[in-house]
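S.K.: Return a 3D structure for these sequence lines:
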Amino acid sequence: MNICFNNFNGRPSTIDTLPRMAPSDGMSYATAHQKRVEVVFQTLAKGFRSCINHYQSEATRLKTEIANAKLNGDKHVLADIPHRIHGISSL
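M.R.: Numbers count the residues shown, from 1 in each chain. Predicted structure coming up:
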């Protein structure tokens, strides 16, 4: 079995590790359903990774902004931060 590593997580691709159906000529291939499942999971993984990266960078930015505001004694910035976080009214 030829195992290739996908670009998303370094693990063997599901298409290469799921059982295959053998056509009448003896060659094996991944079923259409397996290919669809693989595409769905790769798309979900990419979306989750993008979401996580976005919120990690936002958290880092806010931590830096809070640290700078505390250092400079800027209470206006500290009071305004909760309103700048999407959907959150307080820290």
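S.K.: Next secondary structure after the helix or strand Q56 falls within?
M.R.: For Q56, the element it lies in under DSSP states H and E is helix 32-72. Next helix or strand after helix 32-72 toward the C-terminus (DSSP H and E): helix 75-84.
S.K.: tell me which strands and helices that following helix is in contact with?
M.R.: Judged by 3 or more CB pairs under 8 Å, 6 or more residues apart in numbering; DSSP states H and E, helix 75-84 is in contact with helix 32-72. (C-beta placed from N, C-alpha, C; glycine too.)
S.K.: Next, the angle from the helix it packs on to helix 75-84.
M.R.: Angle, helix 32-72 to helix 75-84, by axes from the mean of the first three to the mean of the last three CA atoms, to 10 degrees: 160 degrees.
S.K.: Need the pLDDT of A30.
M.R.: The model reports A30 with a pLDDT of 71.
S.K.: Equivalent analysis for the one 3 residues further on, please.
M.R.: Predicted confidence (pLDDT) at H33: the value is 87.
S.K.: Could you give the number of residues near it?
M.R.: If you count neighbours by other CB atoms under 10 Å, H33 ends up with 9.
S.K.: now do the one 10 residues further on
M.R.: As a burial measure, T43 scores 11 neighbours (other CB under 10 Å).
S.K.: can you check Q42 too?
M.R.: Neighbourhood size, Q42 [other CB under 10 Å]: 17.
S.K.: ok so, going back, which strands and helices sit next to the helix holding Q56?
M.R.: Packed against helix 32-72 by the contact rule (3+ CB pairs under 8 Å, 6+ apart) you find helix 14-17, helix 75-84.
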